[in-house]
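Chemist: using only what follows, build the 3D model:
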Amino acid sequence: MEYRDITPELSQIAESYMLGKTPDWLVFFQNLLSEAIGFLRELISRIQFSVPDFQDKASIQLQAVLALLVIAFLLALVAAYFLRLKDQLSAQNLEEAGADKIQPVVSARNWKKKGAALVQSGQFEQAVRAFYFSALHHFDEQKMVAISLEKTNFEYYASLRNYPVIQEIFSKLAFLQEGVTYGGKPADEKAASACLDHLNRIEEELSKLTAKDRLGA
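Modeler: Predicted structure coming up:
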């Protein structure tokens, strides 16, 4: 039988496997577990366990206290893990909602002014977000769509179905905002200017709405 070197083929197959990044919560749990194991090993090495003399109350009490300390330490580790996991999941949910920095007390007008100031200072990514939030607050103030941390851009878009022109403009604004915030699109003056143009068009269309238009919605 003739043997053939298949090292190149194996290397090509190996390169096709992409290992994902280990989740932060798993790394945190592994670190906690390592610390717990190290603590227990050190504690056990320092304690000389023996069958207690039941007439020696001090010995019994000392070992009971040590056992309680070990249990308390383990419970603290478990509590810390779950608190950390809860915080990470909360942050992830807010980020996926696409509105992790919404402040309901801020008006649409103030968000627009803030966006303009951010453009002047060269903070274009924050400016894009400010113009986007200004649009959302316009919808909320006009009783068209209520702002919610649990809503995605698609849900905002769907809620504007009775205002097709505004819906179309918002889709362009939301597309830019998502691209800059999550999609790696360059956060530059051009992107911020485009978002401001979409916001101005939304405001123009809102000014055209009559009471009848709103009742019809």
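Chemist: what's the domain layout of the chain?
Modeler: Annotated domains of the chain cover 22-96, 108-216 [automatic domain parsing].
Chemist: pick out the shakiest of those, pLDDT-wise.
Modeler: Mean pLDDT values for those show the minimum at domain 22-96, a mean of 64.
Chemist: next up, the contacts around Ala146.
Modeler: Shown in contact with Ala146 (Cβ atoms under 8 Å, 6 or more residues apart in numbering): Asp140. Placement of C-beta: from N, CA and C, glycine included.
Chemist: likewise His198?
Modeler: Applying Cβ under 8 Å, 6+ apart to His198 gives the contacts Phe131, Ala135, Ile169, Phe170, Lys172, Leu173, Leu176.
Chemist: which helix or strand contains it?
Modeler: Assigned by DSSP states H and E, His198 falls within helix 189-208.
Chemist: return that helix as PDB; C-alpha atoms alone will do.
Modeler: Extracted as PDB, the C-alpha positions of helix 189-208 are listed here (Å, rounded to 0.1, in the frame of the first residue of the first chain):
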ATOM      1  CA  GLU A 189     -20.000  63.400   9.800                       C
ATOM      2  CA  LYS A 190     -21.700  62.100   6.600                       C
ATOM      3  CA  ALA A 191     -23.700  59.400   8.600                       C
ATOM      4  CA  ALA A 192     -24.700  62.000  11.300                       C
ATOM      5  CA  SER A 193     -25.800  64.500   8.600                       C
ATOM      6  CA  ALA A 194     -27.900  61.800   6.900                       C
ATOM      7  CA  CYS A 195     -29.600  60.900  10.100                       C
ATOM      8  CA  LEU A 196     -30.400  64.600  10.700                       C
ATOM      9  CA  ASP A 197     -31.900  64.900   7.200                       C
ATOM     10  CA  HIS A 198     -34.100  61.900   7.900                       C
ATOM     11  CA  LEU A 199     -35.200  63.500  11.300                       C
ATOM     12  CA  ASN A 200     -36.000  66.800   9.600                       C
ATOM     13  CA  ARG A 201     -38.100  65.000   7.000                       C
ATOM     14  CA  ILE A 202     -39.900  63.100   9.800                       C
ATOM     15  CA  GLU A 203     -40.700  66.400  11.600                       C
ATOM     16  CA  GLU A 204     -41.900  67.900   8.300                       C
ATOM     17  CA  GLU A 205     -44.300  65.000   7.700                       C
ATOM     18  CA  LEU A 206     -45.500  65.100  11.300                       C
ATOM     19  CA  SER A 207     -46.400  68.800  10.800                       C
ATOM     20  CA  LYS A 208     -48.700  67.800   7.900                       C
END
